[in-house]
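Engineer: can you look at this prediction? I've put the sequence above it.
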Amino acid sequence: MSSPSSPQDEPGARGPLTGVRVVDVTTIFMGPSATQMLGDLGADVIKVEAPEGDVVRSIGAQGQQKMGPLFLGMNRNKRSIALDLKSPEGRAALLDLVRDADVLTYNVRPQAMERLGLGYDALAALNPRLLYVGMFGFSQRGRHAASAAFDDLIQAACALPQAMAMGSPDGTPRYLPITIADRSVGLYAFGVISAALYGRERTGRGQRIDVPMFETMVPQVLGDHLYNQTFVPPQGDFGYPRLLSPERRPYPTRDGHVCCLIYTDPQWRAFLAAIGQPALFDSDPRFADIRARTRHIDALYAMVGEALATRTTAECQALLAGTDIPVFPMHTFDTLLTDAHLQDIGFFSEMDHPDVGRIRQMAVPSEWSGTPPGPATPPPRLGQHSREVLREAGYDDARIDALIHNGAVRAS
């Protein structure tokens with residue numbers, strides 16, 4: 001791992017990954033979400049951007065300043081250097097950064113990295129300890145190896161819209177309204193990189209690691225919905241009925257919506273007692289066991305909905321208090337920001353960003369007793385750290401000025 005260069009880089013000073021250096025050539029959502037998690041836990045993440053910057057910089061308010069909200073949400077705890085990797089000088093600068101790096105991350109297709117002269121073999125020759133981590137659409141061993149991919153496409157490829165249609169009253173296939181594939185693969189890549197760092201400590205060798213989106217997401221969907229097709233020959237249809245029930249939704253109340261999950265035998269007994277029908281558990285065969293309840297889940301969830309619809313949200317919470325049935329009011333985006341529990345732990349904080357003013361940040365969700373993450377640094381301007389990073393790589397000011405002049409480097 002990189003040698004400590006300041007007191008802040010001593011082991012554990014900024015989190016458990018202090019001393020790890022990541023050269024991050026990723027853009028959009030998937031890669032930046034993974035590398036922000038690394039940076040949150042102390043890694044020195046050097047975000048390598050094209051001279052025009054990560055396209056996500058331009059989305060939303062402050063997009064004209066290349067500091068839009070989506071970029072701000074995925075790029076704290078990083079330093080930005082802007083390089084034209086299509087120029088010989090820009091490529092040479094990246095190679096100099098790689099020489100002392102622990103990890104290189106990218107999320108273009110591997111064929112594009114090869115065309116740039118930045119394939120694994122070339123970089124491993126410079127740095128045999130390098131972990132070369134690619135996040136892209138498909139495994140390189142199949143027919144879609146060279147195909148482009150993005151979140152919506154991968155959602156469709158792994159049948160998520162079909163699952164949404166099966167659970168929807170109108171049967172319309174829909175994408176989830178979050179970048180679930182990008183963020184799930186980013187989270188998986190974060191874990192893979194952490195494991196690879198541990199593995200390298202034991203072997204002393206780097207390696208190429210591919211994290212394909214399609215193959216990462218298929219188990220996420222079929223883990224629930226392969227269901228009775230798990231058996232050979234099949235013993236029933238696809239789809240876990242409880243998850244696909246149109247009645248599986250937040251329950252309307254007189255003044256909002258509430259969520260409750262009634263799952264086990266004791267929970268169903270307690271619910272039926274709470275609504276004044278305790279005898280049903282033993283008299284109605286639909287409640288006999290979890291298999292029977294799963295077969296009749298639409299009707300049982302509809303019954304729950306009818307019982308709660310006549311009460312306010314607070315009354316529903318009081319009704320189920322002490323029953324061991326999880327219950328929670330449904331938040332809106334507005335009310336989520338004022339959630340009392342999140343306020344207790346200081347989950348949301350505000351930061352003065354030097355370019356766009358005051359911004360809202362979310363906390364690192366893991367809590368560490370021995371090597372806690374350090375204070376967050378604000379998301380960087382495009383090329384904000386170009387000079388700093390190149391100086392660390394041994395470049396003098398005259399050489400940096402020349403690179404800026406010829407367009408190989410952009411600095412701000």
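Structural biologist: Arrived safely, thanks for sending.
Engineer: Asn127 contacts Gly206, doesn't it?
Structural biologist: Yes - if you go by C-beta atoms under 8 Å, Asn127 and Gly206 touch, sitting 6.9 Å apart. No exception for glycine: its C-beta is placed from N, CA and C like everyone else's.
Engineer: neighbour count for these two, which is higher?
Structural biologist: Each of Asn127 and Gly206 has its neighbours counted (other C-beta atoms under 10 Å); Gly206 has more, 22 against 17.
Engineer: was I right to think the more buried one contacts Leu126?
Structural biologist: No - at 10.6 Å, Gly206 and Leu126 do not qualify as touching, with contact defined as C-beta under 8 Å.
Engineer: okay, and the common contacts of Asn127 and Gly206?
Structural biologist: Here Asn127 and Gly206 have no joint contacts, going by C-beta atoms under 8 Å, 6 or more residues apart in numbering.
Engineer: you'd agree Asp100 is in a strand?
Structural biologist: No - counting by DSSP: H, G, I helix; E, B strand; the rest coil, Asp100 is not part of a strand but coil.
Engineer: count the residues that sit near it.
Structural biologist: Count around Asp100 with other C-beta under 10 Å applied: 18.
Engineer: separation between it and Leu280?
Structural biologist: Asp100 sits 68 Å away from Leu280, going by C-beta to C-beta, to the nearest Å.
Engineer: check Asp298 too.
Structural biologist: Per C-beta to C-beta, Asp298 is found 17 Å from Leu280.
Engineer: same check on Pro252?
Structural biologist: Applying C-beta to C-beta to Pro252 and Leu280 gives a distance of 22 Å.
Engineer: can you check Ala363 too?
Structural biologist: 44 Å.
Engineer: now Thr312
Structural biologist: 24 Å.
Engineer: same check, this time on Asp84
Structural biologist: Distance from Asp84 to Leu280, by C-beta to C-beta: 70 Å.
Engineer: likewise Leu94?
Structural biologist: Per C-beta to C-beta, Leu94 is found 67 Å from Leu280.
Engineer: counting neighbours, go ahead and name the busier of those two.
Structural biologist: Applying other C-beta under 10 Å to Leu94 and Leu280 shows that Leu94 carries more neighbours, namely 23 against 17.
Engineer: next up, the contacts around Asp224.
Structural biologist: 240, 243.
Engineer: tell me the pLDDT at it?
Structural biologist: Confidence at Asp224, expressed as pLDDT, is 97.
Engineer: helix, strand, or coil at it?
Structural biologist: helix.
Engineer: distance check, it against Ser33.
Structural biologist: According to C-beta to C-beta, Asp224 and Ser33 sit 23 Å apart.
Engineer: now swap in Gly383 and tell me
Structural biologist: 22 Å.
Engineer: swap in Gln155?
Structural biologist: Counting by C-beta to C-beta, the gap from Gln155 to Ser33 is 16 Å.
Engineer: surely Gln229 is in a helix?
Structural biologist: Yes - read with three-state DSSP, Gln229 is one of the residues of a helix.
Engineer: burial measure for the residue nearest to it when sequence neighbours are not counted, as a count.
Structural biologist: Closest residue to Gln229 apart from its sequence neighbours, by C-beta to C-beta, 6 or more residues apart in numbering: Phe238 at 5.3 Å. If you count neighbours by other C-beta under 10 Å, Phe238 ends up with 18.
Engineer: wouldn't Phe238 be in contact with Leu244 here?
Structural biologist: No - in this structure, Phe238 is not within contact of Leu244 by C-beta under 8 Å, at 9.3 Å.
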